[in-house]
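1. sharing a sequence plus its predicted fold:
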Amino acid sequence: MSSDCVISDKATQWLRLSMVRGIGPMTGRKLVHAVGGIEHLWTQSTLELQKIDGIGPAALSALEPALEQDLDQAVEVTIELCRQRGIGLISPDDPPWPESLAPFDDAPLLLFFRGDVSCLHHQRMLAVVGARRASRESSIITRRWCSYLSNHQVCIVSGMAYGIDAAAHGGALEGESPTIAVLGCGLAALSEQQQRQVEAIAAQGCVVSEFLPEITARPEHFPRRNRIIAGLSHATLVMEADVRSGSLITARQALDYGREVFAVPGSVLGGNHAGCHLLIREGAVLTENADDVLQNMGWQSTEQGNPSGGKRYQPGDADESKLLQALVDGSMHLDHLAETCGLTVPELSPIVLRLELQGVIERLPGSRYMLSVELHRT
């Protein structure tokens, strides 16, 4: 189902409810359930609505203008904008609505989307989140893992932000499975660069938002976006995050929803992984490679893959073998690498350059190197 689909009558009614100021997802769902369906809400009198448990004077006051048809023009304007921009709209009463969100009282009242909305029913969905100012090493690993996971039928879900989100979507787009981006703003409120990202993701997946198309991003929107990322996904993987990161909100929301949480450990010196370490102490699965996720989720494939992106390398001599074995457990500074290999820096440098040019290793900031392939086992 693409985003140029016809918007259903029920989706139009849910849109109307979502536009009532002061009515959030939980109150909105409670109202719809109490009256027996969205189509019955607008025929209720204020007296009848007063009888619903948990619906106070503020909610009733907010609903009155909507009951008097005052929102009709605003709804028509929004629907016309969606048609002009190629934006689809689904509600909980539409068949494409993701079953993964159905159990949650705080699920969105509707979803605007671009792309193939059937992606929301993918059988293996993994949220991948982390720092916006991620280290280059974490970004490289995220992209590599997400490409590998995508080739193992895993749909990567993230927030289309800078850093880890961008690396996650980028890696997923290199693989075979769809990827889903959940936005903290409306689909018509994006910059030109963001629109290009939407086009790329929508071509191989779906971009969704619960916000009206022209609503711009605000800080308070991102916790709301994060609950959708957590709710859509069967598990959440935190790649790099400090203790104040919004990624921890996503992880804890995932735990509240009964989902598995994975976290990647890192150096204790910079603080960039302090949030991941906190999650691990709280029970998240310590994750060292992409296969840890597949094995813990029961998503193993009969195909033998390679978390390094499909490339394998046979060391050409003993010095190459020492160097590559030293990098198996993580990145290393050139000086430390020379010491580990028992070579001087001048002796090691041409070997490093040769392997870098072949794409076997990758240079990181600060004269550090990391492995880019899987080594052949002997």
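-> Ah, there it is. Numbers count the residues shown, from 1 in each chain.
2. now residue 126, what's its secondary structure?
-> Residue 126 falls in the strand class when you classify it by DSSP: H, G, I helix; E, B strand; the rest coil.
3. and it, what pLDDT?
-> Per-residue confidence for residue 126 comes out at a pLDDT of 98.
4. isn't it up against residue 148?
-> No: no contact is recorded between residue 126 and residue 148 when judged using CB atoms under 8 Å, the distance being 11.6 Å. Glycine gets a C-beta too; all of them are placed from N, C-alpha and C.
5. the more surrounded of these two?
-> Applying other CB atoms under 10 Å to residue 126 and residue 148 shows that residue 126 carries more neighbours, namely 30 against 24.
6. ok, the residue nearest to residue 272 when sequence neighbours are not counted - contacts?
-> Leaving out its chain neighbours, the residue that sits closest to residue 272 by CB to CB, 6 or more residues apart in numbering is residue 240, at 5.5 Å. Contacts for residue 240 were tallied using CB atoms under 8 Å, 6 or more residues apart in numbering; they are 130, 131, 134, 135, 138, 164, 264, 266, 272, 273, 276.
7. check residue 274 too.
-> Under the criterion of CB under 8 Å, 6+ apart, the contact list for residue 274 reads 241, 242, 243, 268.
8. how far away is the residue nearest to residue 272 from residue 168?
-> 11 Å (CB to CB, to the nearest Å).
9. residue 125 now?
-> For residue 125, the distance to residue 168 under the criterion CB to CB works out to 13 Å.
10. so between those two, which is more surrounded?
-> Applying other CB under 10 Å to residue 125 and residue 168 shows that residue 168 carries more neighbours, namely 33 against 23.
11. next up, the contacts around residue 104.
-> Residues 227, 231, 257 are the ones in contact with residue 104 under the rule CB under 8 Å, 6+ apart.
12. revised request: answer the last question for residue 267.
-> Shown in contact with residue 267 (CB under 8 Å, 6+ apart): residue 273.
13. where does this protein dip in pLDDT?
-> 1-5, 54, 62, 64-70, 301-311, 373-378 (pLDDT under 70).
14. show me the contacts for the closest residue to residue 150 other than its chain neighbours.
-> Taking CB to CB, 6+ apart, and ignoring the residues beside it in sequence, residue 150 has residue 175 as its nearest neighbour in space, at 2.4 Å. Shown in contact with residue 175 (CB under 8 Å, 6+ apart): 146, 147, 148, 149, 150, 151.
15. so how far is residue 179 from the fifth one?
-> Here residue 150 is placed at a distance of 7 Å from residue 179 (CB to CB).
16. tell me which entries of the contacts of residue 274 lie within helices.
-> Within the contacts of residue 274, membership in helices is found for no residue, as judged by DSSP state H.
17. rewinding a little: which one of the contacts of residue 175 has the most neighbours?
-> Each of the contacts of residue 175 was scored by neighbour count (other CB under 10 Å); the top score is that of residue 146, with 30 neighbours.
18. that one touches residue 155, doesn't it?
-> No: here residue 146 does not reach residue 155: they are 10.4 Å apart, not a contact under CB under 8 Å.
19. now the common contact residues for these two.
-> Taking CB under 8 Å, 6+ apart as the contact rule, the neighbours common to residue 146 and residue 155 are residue 172.
20. mind checking how far residue 111 is from residue 178?
-> Taking CB to CB as the criterion, residue 111 is separated from residue 178 by 16 Å.
21. ok, these two, which is more surrounded?
-> Counting neighbours by other CB under 10 Å for residue 111 and for residue 178 shows that residue 111 has the greater number, 28 against 25.
22. what is the neighbour count of the closest residue to that one other than its chain neighbours?
-> The spatial neighbour of residue 111 that comes closest, neighbours along the chain excluded (CB to CB, 6+ apart), is residue 208 at 4.8 Å. Counted with other CB under 10 Å, the burial measure for residue 208 works out to 27 neighbours.
23. for residue 208, give me its contacts.
-> Per CB under 8 Å, 6+ apart, neighbours of residue 208: 111, 112, 113, 117, 120, 180, 181, 182, 183, 228.
24. residue 100: what secondary structure?
-> Residue 100 carries the three-state label helix when classified by three-state DSSP.
25. isn't it up against residue 232?
-> Yes: with contact defined as CB under 8 Å, residue 100 reaches residue 232; the gap is 5.4 Å.
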